[in-house]
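Asks: build me a model:
(2 chains)
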Amino acid sequence: MTLSVVIFLLVIGSVIFHFASPWWFTDIAADWGPIDFTINVTFWVTGFVFIAINLFLAYCIYKFRQKEGHKAVYEPENTKLEVILAAVTTVGVVLMLAPGLFVWATIVTVPDDATEFEVMGQQWQWAYRYPGADGVLGIAETALVTESNPYGINEEDPNGQDDIIVMGPEMHLPVGRPVKALLRSNDTLHNYTVPQFRVKMDLVPGLISYIWFEPTETGRYDILCEELCGIGHFVMRGAVVIDTQDDFDSWLAAQPTFAETQALAAPSVAAGQAQFALCATCHGAQGEGNQALNGPKLAGQQAWYIERQLKYFKTGVRGGEGDSGGQAMAPMARTLANDDAIRNMAAYIATLPDNAAQTTVSGDIENGEDIYSRNCAACHLEDGSGTWYTDAPTLAGMSDWYFVTQVNNFKSGIRGLHADDYYGEQMVGMAAAMSGLEEIEDVATYINSLR
Amino acid sequence: MSYVPLADQEQELHHPHSWVSKYIWSQDHKVIAIQYGGTAIFVGVVALVLSLLMRMQLGFPGAFDLIDPSSYYQAVTMHGMIMVIYLLTALFLGGFGNYLIPLMCGARDMVFPFLNMLSYWIYLLSVLILMASFFVPGGPTGAGWTLYPPQASMAGTPGSDWGIVLMLVSLTVFIVAFTMGGLNYVTTVLQARCRGLTMMRLPLTVWGIFIATILGLFAFPALLVSAIMMTFDTLLGTSFFMPAIIESGSPLDYNGGSPILFQHLFWFFGHPEVYIVALPAFGLVSDVLSTHARKNIFGYRMMVWAIIAIGGLSFIVWAHHMYVSGMNPYFGFFFATTTLIIAVPTALKVYNWVLTLWEGDIRMNVPMYFAIGFIFTFIHGGLTGLFLGNVVIDMPLSDTYFVVAHFHMVMGVSPVLVLFAAIYHWYPKMSGRMYHEGLAKAHFWCTFLGTYAIYLPMHYLGFLGVPRRYYALGSTDFIPASAQDLNATITIAALFVGAAQLLFFINIFWSLKYGKEAGPNPWGSASLEWQTPDTPPAHGNWGDELPVVYRWPYDYSVPGAHEDFIPQNTPESEEPTVDEQHFDPDHDPSMADL
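Replies: So this is what the prediction gives:
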């Protein structure tokens, strides 16, 4: 009796929850309306069945509850009824399956006029490649991946020279044109998902998978990895910006081709040295760091990291509200006129003698080791040396007080939440491994032992 | 010497001579069943605690500092694997299969009692190996319960040194244990049924467990080879599943392996595994419903054939777990079709359960609450399966919380409700005492309503597109802040349900000592296990003489009978049999060969 009422109420409650729920599919932004149509058909069919069977169930529980003098009816089977039910169910299933198969047929059939682009996933970031003027993507393979050729493009292949390389998590596409994404991975499974496009496909190392779609709305949409790819899975984020054709063309023109990335002139150490005089005020003559002036050690840090951070300070990605150290850096970074000047600076810093910074914090080294080896080592490596591959700077031998400040900044949202700071946002997520100042110092203490 | 069927031969049993041989190295299927059940429930509690830790992180990120990203993924993995394999598979087959098959078949024991004992001890070994991975350097694997390579043995995944190897070894050992038990269950059902007990007079519980075991015997080898090959990849550097890849910036020495091959092997096991859990649940719940509705199960033959059909079809739907895996997308047409076909026999089972209640005389005993609760949650979980089975709908929903909600409804909550129904239903036979009614009802309401509060909203996170296996959501443009409120609500419900399970344990232990004497057949059940001369049944089950069966196990409320049930071993001379034209499952010509 009670159960009968409860089941009735659960059915009513579920229906109310459904209609009151603000949580529903995102507004669609690609030409996959038929997917939503199939979902709606399925929703109505299954919703009807859910209500009908459960109300009947509730009715049975109520109507046939135990009563004095009442006896159950002996009716082992009723072939006619069973056949009717089987037939009705089959019709319902066909009703849902048929549109599904038709829509799937369009999904597996890539239109001839779809333009190709490539998505490359690796732990834990995205990169993209567009065919250049020749319209053909050159051969690329994992075995060729190096720091200077992170995409692994085969230099022998003429088709690859004009390929446009986007080494960063944000990509662009033109609105209203079918595109085919070729998906490739350098390490493990990843997954290219844009909820608003309704598409999703795994990236599989060793093969090239694909998916096609036609964006219909301009705007900026999140790209998520939805295939577990290791500890950084939940911070593997990207974005796709859907532009008008003109905007897209000008964005694309601003991206370097593979040939351009390979032809960069060697940076000038001397030019970097000349500009370093200003830096030396706070960071020390040898880049050894000066805690009193809030200048972390620079010597020994990897060039790509120095370059990226200088660009961030210059463009305001770092040095926002609450980040007093970063705010002090911003005008300094702006004295570097262009990307070449930044490269020169990083190249000079790479020549400075790398002596381990003085240790200033002490904590529980065992706890620090536990946290570090389980959460941090995946990117910063067991020895704290970091690697360009996971966008992880060197930690070992660097200023421990600066590490503590920065992790605190990540935890409190001072650093890493700028819309363009994808790598910083990863650290915002990972910094949860340390519960507070005490554990940050524990980890810093352990890192100090790695030098 | 003339041929005597195995079932009619007097089986020699190794009667225990000491406490140790009676309760530890026991060959009695009932003791082994309880050993299996106890171990399975113990690891199940470990997995439950892991899920609550995860929920606390998801509901209140940063508030509790109980797990970091690394241990979150370890919890995800261990929770899933323990629940699916070491709890559900072990409890349904090793627990209920062991306890009920010989009793329901009118046999003295399993046909191979020694092997049966070995099966349990090897299962325990596999559990110990798995638990050991919590204590090794790096901890247990965090690769997700699907253990997909290459990630599972790469540095960026927790437990990629020791944890993954222990997991693979533990699975291998488990499969050895399962095979020993499984061969036993199948042989016992086929060969040791008592006189008069034709296949079409078996309770659906035995049918469900029997077919599930056959599925297991065919499916587990696929997992076995994948576990062995992956162990080789990890320890010996072979490249079965490993293509050329980069780890932390350095190329690894692998080439040419196929990660997708692993997925095919895994799901060739993994999908039948769903039914290895579901079919015994279907069987058990059928018997509970029929007994407490005082009505025969409706459409028995259809129910048997549905179990067989579902079991068969379950082998040709596996790639619906892989629609977005990068496999040839044309597979989608085939697997979507086969998957949706399964809905038909499954739906028929649901109809027949409800029609069993129709015109019944329903006793709202505790097992009945859980059984009806199961019908509700299974309808819900089954229907959401139609979303995910249909390839185009799977694409937006795959790897979101919709999937998590779906499979927890259909193979978490639903089978667990059946397990509780079955435990409360057979507890009087196993212990000789009744459970505490009030505690048991409170346990039902908390579990049933609590789990629905967890999983109904979770589907909507999935519709929204919230991805699964995320330690934290971070910031996105499309997930509104209200999703976090929903997450917090779900967590509170989960903690509530977790705590409510204490009611169950208190009840089970309290009632062992203080429960009312149950008597031999408190539910007035017609099937054979309630007709044993002793309660709980003694070693050998049947005293001096094996029972003889004269009818099917669903003779409830037969017109003209003295009571509202007729035990299976009541001869035709004492109680009416039903007009054969009306119904006699033995006279189904299609079953003549059995």
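Asks: so what's the residue in the stretch 251-400 of chain A that chain B sits nearest to up against?
Replies: The nearest approach of the stretch 251-400 of chain A to chain B comes at residue A:389, 3.3 Å away (CB to the nearest CB). Using the backbone N, CA and C atoms, a C-beta is placed for each residue, glycine as well. Contacts for residue A:389 (CB atoms under 8 Å, 6 or more residues apart in numbering or on different chains) come out as A:122, A:123, A:147, B:246, B:248, B:249.
Asks: max pairwise distance over those residues: which two?
Replies: Using CB to CB, the two most remote members of those are A:123 and A:147, lying 15.4 Å apart.
Asks: out of the contacts of residue A:389, who's nearest residue A:15?
Replies: Closest approach between the contacts of residue A:389 and residue A:15, by CB to CB: residue A:123, at 43.6 Å.
Asks: surely that closest one touches residue A:228?
Replies: No: in this structure, residue A:123 is not within contact of residue A:228 by CB atoms under 8 Å, at 11.6 Å.
Asks: re the thing from before, look at the residue of the stretch 251-400 of chain A closest to chain B and give its secondary structure.
Replies: Here residue A:389 takes the helix state, with states given by DSSP: H, G, I helix; E, B strand; the rest coil.
Asks: just give me the residue closest to the centre of chain B.
Replies: residue B:277 (2.9 Å; CA atoms, centre = their mean).
Asks: you'd agree that residue is in a helix?
Replies: Yes: counting by three-state DSSP, residue B:277 is part of a helix.
Asks: how about the strands in chain A?
Replies: Taking DSSP state E to define them, one finds strands in chain A at A:115-122, A:125-130, A:164-166, A:170-174, A:179-185, A:190-194, A:199-203, A:209-213, A:219-224, A:237-243.
Asks: give the contact list for whichever residue of the stretch 151-300 of chain A sits closest to chain B.
Replies: The minimum distance from the stretch 151-300 of chain A to chain B, using CB to the nearest CB, falls at residue A:206 (2.8 Å). Counting by CB under 8 Å, 6+ apart, residue A:206 makes contact with B:243, B:244, B:245, B:256, B:257, B:258, B:259.
Asks: from these, which one has the minimum pLDDT?
Replies: On pLDDT alone, residue B:256 ranks lowest of those, at 92.
Asks: nearest spatial neighbour of it, skipping sequence neighbours?
Replies: residue B:239 (5.5 Å; CB to CB, 6 or more residues apart in numbering or on different chains).
Asks: ok, that neighbour - how many residues close by?
Replies: Applying other CB atoms under 10 Å in any protein chain shown, we find 19 residues neighbouring residue B:239.
Asks: which SS class is it?
Replies: Following three-state DSSP, the label given to residue B:239 is coil.
Asks: looking at chain B, which helix or strand is least sure?
Replies: helix B:19-23 (a mean of 81; mean pLDDT, DSSP states H and E).
Asks: please name the nearest non-neighbouring residue to residue 49.
Replies: This is for chain A. Closest residue in space to residue A:49, ignoring its immediate chain neighbours: residue B:383 at 6.2 Å, by CB to CB, 6+ apart.
Asks: nope, chain B please
Replies: Among residues not flanking residue B:49 along the chain, residue B:498 sits closest, at 7.6 Å (CB to CB, 6+ apart).
Asks: could you look up the SS state of the one you found?
Replies: With three-state DSSP as the basis, the three-state label of residue B:498 is helix.
Asks: dump stretch B:130-144 to PDB, keeping only the CA atoms.
Replies: Extracted in PDB, the C-alpha atoms of stretch B:130-144 (Å, rounded to 0.1, in the frame of the first residue of the first chain):
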ATOM      1  CA  LEU B 130      43.800  -7.000  -5.000                       C
ATOM      2  CA  MET B 131      43.700  -5.600  -1.400                       C
ATOM      3  CA  ALA B 132      47.500  -5.900  -1.300                       C
ATOM      4  CA  SER B 133      47.700  -3.300  -4.000                       C
ATOM      5  CA  PHE B 134      46.500  -0.700  -1.500                       C
ATOM      6  CA  PHE B 135      49.800  -1.200   0.400                       C
ATOM      7  CA  VAL B 136      52.400  -1.400  -2.400                       C
ATOM      8  CA  PRO B 137      54.500   1.600  -3.600                       C
ATOM      9  CA  GLY B 138      52.400   3.800  -5.800                       C
ATOM     10  CA  GLY B 139      49.200   2.200  -4.500                       C
ATOM     11  CA  PRO B 140      46.500   0.500  -6.600                       C
ATOM     12  CA  THR B 141      46.000   1.200 -10.300                       C
ATOM     13  CA  GLY B 142      44.100   4.400 -11.200                       C
ATOM     14  CA  ALA B 143      43.500   3.300 -14.800                       C
ATOM     15  CA  GLY B 144      39.700   3.100 -14.500                       C
END
